[in-house]
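1. generate a structure from the sequence data that follows.
(2 chains)
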Amino acid sequence: MSHAIVTSGLSKRYRLGDRVHYGRLTESLANAASRLTARRRPAGDAEYLWALRDVTLEVEQGEVLGFIGRNGAGKSTLLKLLSRITEPTAGEARIRGKVGSLLEVGTGFHPELTGRENVYLSGAILGMRRAETRAKFDQIVEFADVGTFIDTPVKRYSSGMQVRLGFAVAAHLETEILMVDEVLSVGDAEFQRRCLAKIEDVSRGGGRTILFVSHNMQSVRTLCHRAAYLANGELVGLDESTRVVRDYLEHAAVGSPERTWDDPLRRPGDDDIRLVAVRVTADGLTVEITVDVLNPTAGIAVGFDLESSDGTSLLTSYQLDAQDPPPLRPGLTTFRATLPQSLFDDGSFLISPRIVHHNGVVVAHEQGAVSFDVVNDQGPRGSRHIHRAGPLAVPVAWESENA
Amino acid sequence: MNRLLTQPAQFLTGRGGDEVTVLRPRRGLVALQFRELWEYREVGLFLMWRDLKVRFRQTALGVLWAILQPLLLTAIFTIFLNRVAGVYAYNIPYAVFALSGVVPWTLFSRALATSSASLVESASIISKVYFPRLMLPIASATSYIVDFAMSLVVLVVVMAIYGVQVTPALALAPFFALMSLVVALAFGIWLSAVNVRYRDVQFLLPFVIQLWLLATPIAYPLSRIPHKWQTLVGLNPVAGVVTGFRWSVTGKGQPPLGLIALSLAVTFVVLVVGLVYFRKTERTFADVI
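-> Prediction:
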């Protein structure tokens, strides 16, 4: 078997300032001035972030390789490097064949143009020749299921229709290598299922190489032959996908689902109360929130939002929900919330700590501060070959009567 | 978790027909890769087509705007400069004189403004898919050729109304239109790349374009400028474009060859510097945009 992609020591470094905000002229002038006057800071990586470090891997032709890891682990950066959107800082990659990338649904769509026009435009931008798009046009429209809206400007489409049309175009790309980033987290469950089926189709069909980034462990296990596990920009595992997924879920349990705010002045909150830390256990059963109470006032609610990885709010809970919540006392206080067992189906879940004043003012809200992953290997939802939708896996009691 | 791939990667080579792309950090001056631009020409055409469609969609007057703008500017010049301030052209009606300057100027200023903004406006595409980034400024500027063609027709009509006859030199008008576009792109390619990092360009540019309009012999003849300053005017490549274009449509006087040559030379230098800057910064567009 020959290789489609070979990388060696591939690395990408970002200057921290570059990503946060773009520079202004005055700012660089000021920086240049301060660089001239001030003594040079000791050289180091303090201002830099290695989004990807020394990644060496080989992808065989026709292979479906999954990439897993936490947010910010470097998965998307790797796809961006391999699809030439950005340039590596060090190392190199060799790629055989044409690359199509689907890093976003509806790349190049213009709201003023009709669905038909956007199919051609997006197709061209993604690398399809006009003749190719024309040949596949009917299939694309059928897959997108937008029907008579095809000659309506896409700004009048529902977001679901836009997503369907965008994916439909990309799904009909006929490049030797296809890179798919987490695009399936948009759209409804039914559409997600069709997209996955399409990707499966594509991978079985013509020996095309697919790189697939996902937070959905289930689809990584079923779609991918092998999976690569990235953590902090480094490749820490590359093996058969079921094994890597299991390693990832075990490994991810160590320490990472925790966030603390060390600098007392930068802690989210106000003069009365500030957020210090939030933790969630790997199984997602226990959530701990530590706050610093500076000025105990009645009616302050400390709690969290629970969301599925596609951003759907599932639950909000506060310490005030307890039977007889004790009043706040000055000093560090930790609240511990315990969720019922066997609540969730496979997937990632986000915990966003939230502090709310009695008058309804939100004092602190840290969107997606910590997260956890659930994989149900056995148990009541063990049989995965039939369709199941939704983030919940609550045990359901079944009985039957036969008259 | 020790299943790291530790053996050195085998390097792919180009056997088997498929082309192998090598991605590695680029250093120093980089090739301009015109061949790649050609390979991606369909993207450029589609972007151009998109710009045209979007520009005239949902406007009540539609394509009329393409000709109304130069006509209005000409009317303003004719009323305030010609009638009020007494500026006149030597051998043709002032309205024809002004319009024949405004038409290539409009192509230049529109192409410059739109190409300078092109990268920033396509930020979402740049950060999600690869194609030669040069396509963006080139396509957005070139789409104004369509507006130019329409206003050229209007110019010929206005000339007929004022009884100014066209001469065979009109055949050279497309050359000056192309030159106008190249001058705009020479600056636009450079400014689009600067704009990615410093949005100040967007605020500064409209002011610069206004100033540029006044500094170019559009509303007044070049001969109104004292002779010793005329070389300085020639350093403004739009002056060569405008006087050259005006000569080609009205056919009056001698072709301003010296001025055109100087303009072309300046344009060439700006274009090369702009392209080099663009190529050097292109690699980080997706990171900073």
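
2. in chain A, where is pLDDT below threshold?
-> A:1, A:16-46, A:183-189, A:206, A:249-256, A:309-311, A:376-387 (pLDDT under 70).

3. can I see the domain layout of it?
-> Listed by automatic domain parsing, the domain ranges of chain A are A:3-36+A:43-251, A:259-374.

4. which of those is buried the deepest?
-> Among the domains of chain A, domain A:3-36+A:43-251 has the highest mean neighbour count (mean count of other CB atoms under 10 Å in any protein chain shown), at a mean of 19. C-betas here are computed from N, CA, C, even on glycine.

5. how far off centre is that one?
-> 11 Å (CA atoms, centre = their mean, to the nearest Å).

6. on that earlier part again, now distance to B:Val201 too, for the domains of chain A, in CSV please.
-> CSV is the format used below for these (distance: least, CB to CB, whole Å):
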stretch, distance to B:Val201
domain A:3-36+A:43-251, 9
domain A:259-374, 33
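
7. phi and psi next, for the residue nearest to A:Leu211 when sequence neighbours are not counted.
-> Among residues not flanking A:Leu211 along the chain, A:Met179 sits closest, at 4.5 Å (CB to CB, 6 or more residues apart in numbering or on different chains). The phi/psi pair for A:Met179 (degrees, to the nearest 10) reads phi -110, psi 120.

8. can you give me the helices in chain B?
-> For chain B, applying DSSP state H gives helices covering B:34-39, B:41-56, B:64-76, B:94-121, B:123-126, B:135-142, B:144-161, B:173-197, B:200-215, B:230-234, B:237-250, B:257-282, B:285-288.

9. please name the nearest non-neighbouring residue to A:Val220.
-> Closest to A:Val220 by CB to CB, 6+ apart is A:Gly66, at 4.0 Å.

10. ok, what's across the strand from the closest residue to A:Val374 other than its chain neighbours?
-> The shortest distance from A:Val374 to any non-neighbouring residue, by CB to CB, 6+ apart, is to A:Phe344 (4.5 Å). Per DSSP bridges, the residues bridged to A:Phe344 are A:Leu392.

11. surely the residue nearest to A:Leu211 meets A:Ile85?
-> No: counting by CB atoms under 8 Å, A:Met179 sits too far from A:Ile85 to count as a contact (10.1 Å).

12. what touches both of these two?
-> A:Ser101, A:Leu103 (CB atoms under 8 Å, 6 or more residues apart in numbering or on different chains).

13. re the thing from before, is it true that the residue nearest to A:Val374 touches A:Leu285?
-> No: in this structure, A:Phe344 is not within contact of A:Leu285 by CB under 8 Å, at 9.9 Å.

14. and the residue nearest to A:Val220, helix, strand or coil?
-> strand (DSSP: H, G, I helix; E, B strand; the rest coil).

15. list the contacts for it?
-> With CB under 8 Å, 6+ apart, A:Gly66 has these contacts: A:Phe212, A:Val213, A:Ser214, A:Val220, A:Leu223, A:Cys224, A:Arg226, A:Ala227, A:Ala228, A:Ser241, A:Val244.

16. same thing but 7 Å
-> A:Phe212, A:Ser214, A:Val220, A:Leu223, A:Cys224, A:Ala227, A:Ser241 (CB atoms under 7 Å, 6 or more residues apart in numbering or on different chains).

17. what sits against the third one?
-> By CB under 7 Å, 6+ apart, the contact set of A:Val220 is A:Gly66, A:Ile68, A:Ser214, A:Ala227, A:Ser241, A:Val245.

18. and which of those residues is nearest to chain B?
-> A:Ala227 (11.0 Å; CB to the nearest CB).

19. where does the closest one sit: helix, strand or coil?
-> With three-state DSSP as the basis, A:Ala227 sits in strand.

20. got it, and the one 3 residues further on?
-> State at A:Leu230, reduced to three classes by three-state DSSP: strand.

21. might one say that it is in contact with A:Asn71?
-> No: counting by CB atoms under 7 Å, A:Leu230 stays clear of A:Asn71, with 10.9 Å between them.

22. the spatially most central residue of chain B and chain A, how far apart?
-> Among the residues of chain B, the one closest to the centroid is B:Ala184, at 2.8 Å (CA atoms, centre = their mean). When distance is defined by CB to the nearest CB, to the nearest Å, B:Ala184 is 23 Å away from chain A.

23. who's in contact with the residue nearest to that residue when sequence neighbours are not counted?
-> Excluding its sequence neighbours, the residue lying closest to B:Ala184 (CB to CB, 6+ apart) is B:Ala111, at 3.6 Å. Applying CB under 7 Å, 6+ apart, one finds that B:Ala111 lies in contact with B:Ala141, B:Tyr144, B:Leu181, B:Ala184, B:Leu185, B:Gly188.

24. quick one: the helices in the stretch 101-250 of chain A?
-> Using DSSP state H, counting those that start in this stretch, the helices of the stretch 101-250 of chain A run over A:115-126, A:130-144, A:159-171, A:189-205, A:217-223, A:241-251.

25. which one of those lies closest to B:Leu81?
-> Among those, the nearest to B:Leu81 by CB to CB is helix A:115-126 (42.9 Å).

26. for the residue nearest to A:Leu230 when sequence neighbours are not counted, phi and psi?
-> Distance criterion CB to CB, 6+ apart; nearest residue to A:Leu230, sequence neighbours excluded, is A:Gly69 at 3.8 Å. Backbone torsions for A:Gly69, taken as degrees, to the nearest 10, come to phi 150, psi 170.
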